[in-house]
Structures are given as structure tokens and as C-alpha cells.
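Trainee: fold the stuff below for me.
(chains A, B, C and D, ligands or ions: 2)
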Amino acid sequence: MKNTNKRYGTILHFIGQEVMVLQITNKRVSDILVVSLEGELDHHTSGEVRKYIDHLLDDPTIKNLIIDIKKLNFMDSSGLGVLIGRYKIIKKRGGKLGVSNISAQIDRIFVVSGLYKIIKPYEGLQQALKDIGGY
Amino acid sequence: MKNTNKRYGTILHFIGQEVMVLQITNKRVSDILVVSLEGELDHHTSGEVRKYIDHLLDDPTIKNLIIDIKKLNFMDSSGLGVLIGRYKIIKKRGGKLGVSNISAQIDRIFVVSGLYKIIKPYEGLQQALKDIGGY
Amino acid sequence: MDKINEMKLRFVSKSSNESFARVTIAAFASQMDPTLGEISDIKTAVSEAVTNAIIHGYEDKMGYVEVLATIFSDRLVVEVSDRGRGIEDIEKARQPLYTSKPELERSGMGFTVMETFMDDVRVVSGINQGTKVIMIKYIGSLTDNIGGSK
Amino acid sequence: MDKINEMKLRFVSKSSNESFARVTIAAFASQMDPTLGEISDIKTAVSEAVTNAIIHGYEDKMGYVEVLATIFSDRLVVEVSDRGRGIEDIEKARQPLYTSKPELERSGMGFTVMETFMDDVRVVSGINQGTKVIMIKYIGSLTDNIGGSK
Ligand SMILES: Nc1ncnc2c1ncn2[C@@H]1O[C@H](COP(=O)(O)OP(=O)(O)O)[C@@H](O)[C@H]1O
Ligand SMILES: Nc1ncnc2c1ncn2[C@@H]1O[C@H](COP(=O)(O)OP(=O)(O)O)[C@@H](O)[C@H]1O
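Mentor: Ligands and ions are numbered 1, 2, ... in the order given. Below is the predicted model of the structure:
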């Protein structure tokens, strides 16, 4: 008999290749904060992301922000609002906002919204770190 | 940019760990027909399974039937009807019907319906072949 | 009372909507953080009721099948209804192995499966008015550990 | 006409139902054998319209959001509607970057995103009566190869 005593949440990860719940992780590389998003960024999950990042940005030694969305399987215009809001904070500090691993669906949203005027896209996280931090 | 030019059907495979569409394969081991079901066996897909198996059973040299459901992620009582119907055909030939790799959910359906009175359950396909065919 | 969330799904009585109904109820119920076993129980029971509405309620005609699901703090209540031919003798219909359509290789185990996988199953029906199956599943409570499939 | 399948989903205006609505429309539309890109387009557009119904239509009140989806041989038609406050100036509302709720960090790009991902978007609205967004997506036609995300 197969063991079915698992939470379904982990399985819903696979619905349309996306997770239902958003997972956020971060790391610090000198004056750069790297935030990785996994799952779905919509209106429902955007409040959580905003709070999470802004709490970390309370640290004034952070100058630049890279958001890695390699594992972000869904984003709509609520996500744009989050990015634009964080851009404003980072810009005041004279820093840069980079986004790495942009999928085709999210790329179209960035293109139509003109988001590429304010954020820099990167193929991968390493390229972002290299360009923004010189590593 | 990720390539998204894939049919969604393949991805829906992962919804609740189950495929939307049923896939059927078969092999022959002496007088045993082995049919493997993958996906979901419900009223919608049961007609297809019935037709597929009965067409193969037209061959009178087949005496026994093993249905392997290792990759069957869903079955409801429509599946019971399919099994009972095939049992009747096989019984007339003096053969046996075995089912291998029964999940916990399907096991409960077999238990409440009394299906184990007419079919033999097997941990794996090898055990089924060994017991029914002596291999 | 402590109603937390609610959804109503209506679809036409095509058999391809059986799997659609299962995915929908699974996605809705997943908000309760159920176990995989609980989700599987709910999908199976809903599949039985929806299939019955399509096969028995509407037979070869087209009609609407409705699935109403309500999340309470401790349970999911699902009502599956059709406006089809109705059931004459509900008690007989609910008996294991009874089927009015043996020619379709029905097993007559649909209601028994619903009763096995859900904590409560009620049936309301009227001839030529339709049938409503109301099912309750308690989620995440202590009693679940006694039940079968967690 | 050549209506092949139809479903109607109604749910309460809770933000947790945004992802539920996406899964449901994806599962329904998958019957048309769309590409992953097409499914992603539909989910994104439906997510925008459902979010708008919840945030703008009902604001902090609770109400029902309805998603009606119809499959025709060549296209999916999705109508998302609420019975909320309505839109005063639809033309202005549809303009890129226009939002009535900048304080919520809305980007004002919802309608633009719907227009980008769907082949046609129509909006009907009445003050204190509600809003209906009707979207059409052609599936599997030759024109898809010219479009962006296949
Ligand atoms: N929605 C319905 N409308 C009309 N009759 C129904 C409905 N659901 C069940 N029935 C009747 O109850 C009987 C038993 O149903 P069930 O236990 O699900 O077995 P089965 O579907 O295999 O016949 C059916 O054969 C049918 O006569
Ligand atoms: N369902 C709705 N009910 C009421 N107003 C709406 C609705 N949908 C959109 N609007 C109005 O249209 C504006 C633009 O919508 P949209 O382009 O989606 O951007 P955003 O949601 O970011 O504000 C909203 O700010 C709101 O004023």
C-alpha cells in the first residue's frame, strides 16, 4: 500500500508546474540583498512578499536588491506593484534592482508594463551578482 | 526565456499526482495478458479500457489476465465495473484475474465492494506473474 | 455559523467534466490543508456523485450538474445536485451492488464508496425533479486518525 | 452555435480564491488541448479579472465573484463578473498605469495584461451594479503562431 499521509500542499506544487503557496528565501552578498521567490506571486501572496522584503530592507547597509524568480511559476500585475514599490525604496538609496531568471510569461508582463525601464533583467543569478556587485 | 511550447496535458499529469488521460499498455507472457493502466480510471475513461482489453481478449489463447495499476492514480466505482466485467470473461475460460500494485485508496474500494472474493491482489507484477503463470 | 469559504460550480453533464470536477474540488479543499488521503477521499466521493448525476440523473440528455462546497473550520460540506429523473426508492438505491444500469457494467457501489470515504452522506431526491447528495468530511480532527486513509 | 462545453464557477471574494480560480480555469481549458503558453495566458488574464473583482469591485466587503467559461471549437470565452461598485469611466480604467488604488501598490496594469494575453477583452459595468469582463482566447488556430507565447 502506498503511504498517502502527506499534505496535499506539496502535491499542488505540480499543478500547472506551480506551487500554490509562495516561498521566500534570502541571502546577503556584501551590500546586495538577494531574495528568491518560489511559487505564485499574486494579490493574495503579494502582501507577504512586500512585508518580508521591507523588513530586511530596514537594514540601511543594504544598497542593492536582486530578486531571483527562477522558481516563480506565476506572476500577474500584482507582482508588478511589488517590484515597482521595492524599486522606489532602492532608488532612494542610490542602488539598483535586478531580476534574474525571467520566464516567457513574466517577460511579456514586464515588456507591456515598461518595467525594463527601471529594472535590469539577468539570465541567471550569477550574472546579476556579477553585474551589480562586481563578483 | 523558458520554452512554453508544450501541450498542457502533459503537465496536468501532475495534478494530484495523476494524469488526466488514461494510458494503456499491454504485454503477453505465454497464456497471460498483462495490461498496465496509467492515469485515471473513471466513467469517462472506462469505455476505452473495456474496449481495449476486450479486443485483446478476442484471442482465445489468452487464459489469464493481470491488470497492473502501479501508475493508476485514481479509480472510482466505474473501475470496479470494468474489473468485474473482465473477470466474467476470464472465468468462462477457466482463467484467473490478478491485480497488482494496489494503492491504499483503491484497496479501500476493493475491500468495501468485496472484490477480493473474485480477484487476487499482488504486491507487484512479478509476484502476479509468478503466482498465476509459475514464472 | 463558522463558514470560512464557499464555492459553487455548475457544468454540463459531459463525462469529460468528471475529472474537471475532481480537480476543482481538490483545489478548493486544499485550502483546508488536508492530507493527501483526505483529498483522495473527497475526490473519489465527488467523482461518484457527479458520475451518477451524468449517467443516472440525465441519462443521454444534457443538463446542468452543480457542485456546492462549503468550508467550515472543521469540515468540508459538498452538495452534488442534478435536475434529472430522480430516484424512486432511495433506500434501495443506496444498497451495495444495486444498480439500475447493469447493462452499462455499473457496479452498484457508488453510494457505498461515498459512504466509505465521507463521514456523512445524505440523499434528497424527487421523481423528475432531480437528486441532491450532501456529503460531509471532517478534516484534520482527531477522529481522522481512527479513520482509514490518512 | 458550436458550444462544446460550459462551466460556471461562483466563489466568495476572498483573496485565497484567486489561485483556486486559476487552477479551475486551467483544468477546464485543458480539455481544448492548449499549449502550456496558452494555459498560462488564460490563467494570468483570469487572475487579473478575479483580483479586480475582489479588490475594486467589493473592496473590503464580501460578495460573489462569478467565472463563466465556454468552450467553442476554436476559442475559449471567459466572463468574470462581480456585483460590486462598478466602474465610472471604463475607458480611463483601461488605460495602462491608471489605478484608483495606488496606496495598495496596484500597478494599474491589470487591463493591459488581460489585453496582452487574450485575443479580445470587453468590459461592461454599471455604478453600484457591478462589472463584467468578457475575454476571448482563440486556441490552436494558425494565428496562434503569430502571437507571443506559444
Ligand atoms: N443522480 C441520480 N439520479 C437518478 N438516479 C440515481 C442517481 N444516483 C444514483 N441513482 C440510482 O441509484 C442507483 C445506485 O447508484 P450507485 O450506488 O452509485 O451505483 P451505480 O452508479 O453503479 O448504479 C443507480 O443505479 C441509480 O438507479
Ligand atoms: N471589477 C471592478 N470593479 C470596480 N472597479 C474596477 C474593477 N476592475 C477594474 N476597476 C477599476 O479600473 C482600474 C484599473 O484596473 P487595472 O488595470 O486592473 O489596474 P489595478 O488593478 O492595478 O488598479 C482600477 O484601479 C479600478 O479603479
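Trainee: after the lowest-mean-pLDDT helix or strand in chain A, next one along is what?
Mentor: One helix or strand of chain A scores below all others by mean pLDDT, DSSP states H and E: helix A:9-12, with a mean of 34. Downstream of helix A:9-12, the next assigned helix or strand under DSSP states H and E is strand A:23-29.
Trainee: is the residue nearest in space to the middle of chain C in a helix, a strand, or coil?
Mentor: What sits nearest the mean C-alpha location of chain C, by Cα atoms, centre = their mean, is C:Val46, with 3.3 Å. Three-state assignment for C:Val46 (DSSP: H, G, I helix; E, B strand; the rest coil): helix.
Trainee: excluding covalently adjacent residues, which one is nearest to it?
Mentor: Using Cβ to Cβ, 6 or more residues apart in numbering or on different chains and skipping the chain neighbours, the partner closest in space to C:Val46 is C:Ile25 (4.8 Å). Glycine gets a C-beta too; all of them are placed from N, C-alpha and C.
Trainee: next, work out how far apart the residue of chain A found nearest ligand 2 and A:Pro60 are.
Mentor: Of all residues in chain A, the one sitting closest to ligand 2 is A:Ser77 (5.7 Å; Cβ to the nearest ligand atom). Using Cβ to Cβ, to the nearest Å, we find A:Ser77 at a distance of 30 Å from A:Pro60.
Trainee: wait, what's in contact with the residue nearest to the centre of chain C?
Mentor: C:21-22, C:25, C:67, C:78, C:80, C:135 (Cβ atoms under 8 Å, 6 or more residues apart in numbering or on different chains).
Trainee: quick one on the thing from earlier: list the buried ones in the helix or strand harbouring the residue nearest to C:Val46?
Mentor: Using DSSP H and E, C:Ile25 sits in helix C:17-29. For helix C:17-29, a neighbour-count test (16 or more other Cβ atoms under 10 Å in any protein chain shown) marks C:17-29 as buried.
Trainee: ditto for stretch C:124-137
Mentor: Buried residues in stretch C:124-137, counted by 16+ other Cβ under 10 Å: C:125, C:130-135, C:137.
Trainee: widest-spaced pair of these?
Mentor: The span of these, defined through Cβ to Cβ, is set by C:Gly130 and C:Lys137 at 22.9 Å.
Trainee: pull the contacting residues for the closest residue to ligand 2 within chain C.
Mentor: When you check chain C against ligand 2 by Cβ to the nearest ligand atom, the closest residue turns out to be C:Met7, at 18.7 Å. C:Met7 makes contacts with C:24, C:28, C:68-69, D:9-12, D:17, D:20, as judged by Cβ under 8 Å, 6+ apart.
Trainee: what ranges does chain C have for its strands?
Mentor: Ranges of strands within chain C are C:3-12, C:64-72, C:75-82, C:120-126, C:130-138, based on DSSP state E.
Trainee: partner strands of the first one, parallel or antiparallel?
Mentor: This points to strand C:3-12. With DSSP bridges as the test, strand C:3-12 is paired with strand C:64-72 (antiparallel), strand D:3-12 (antiparallel).
Trainee: quick check: C:Ser40 vs B:Ile66, distance?
Mentor: Between C:Ser40 and B:Ile66 the distance is 24 Å, computed by Cβ to Cβ.
Trainee: okay, and the nearest residue to C:Ser40 once chain neighbours are set aside sits in which element?
Mentor: Among residues not flanking C:Ser40 along the chain, B:Gln105 sits closest, at 4.7 Å (Cβ to Cβ, 6+ apart). Assigned by DSSP H and E, B:Gln105 falls within helix B:104-113.
Trainee: for that helix, packing partners?
Mentor: On a contact count with 3 or more Cβ pairs under 8 Å, 6 or more residues apart in numbering or on different chains; DSSP states H and E, helix B:104-113 meets strand B:64-75, helix B:77-92, helix C:36-52, helix C:110-117.
Trainee: follow-up on the earlier one: could I get the strands of chain C as a markdown table with mean pLDDT?
Mentor: Putting these into a markdown table (pLDDT from 0 to 100) gives the following:
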| stretch | mean pLDDT |
| --- | --- |
| strand C:3-12 | 97 |
| strand C:64-72 | 98 |
| strand C:75-82 | 98 |
| strand C:120-126 | 98 |
| strand C:130-138 | 98 |
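Trainee: quick one: which of those is nearest B:Phe110?
Mentor: Among these, strand C:120-126 comes nearest to B:Phe110, with 19.8 Å by Cβ to Cβ.
Trainee: hang on, C:Ser30 packs against C:Ile39?
Mentor: Yes. The pair C:Ser30 and C:Ile39 passes the contact test of Cβ atoms under 8 Å, sitting 6.7 Å apart.
Trainee: which one's more surrounded, the two?
Mentor: With neighbours defined as other Cβ atoms under 10 Å in any protein chain shown, C:Ser30 and C:Ile39 compare such that C:Ile39 has more, 29 against 24.
Trainee: just checking, the more buried one touches C:Ala26?
Mentor: Yes. Between C:Ile39 and C:Ala26 there is a contact at 5.3 Å, judged by Cβ under 8 Å.
Trainee: which residues touch the residue positioned nearest the centre of chain A?
Mentor: The residue lying closest to the centre of chain A (Cα atoms, centre = their mean) is A:Ile67, at 4.0 Å. By Cβ under 8 Å, 6+ apart, the contact list for A:Ile67 reads A:34-37, A:83, A:86, A:97-100.
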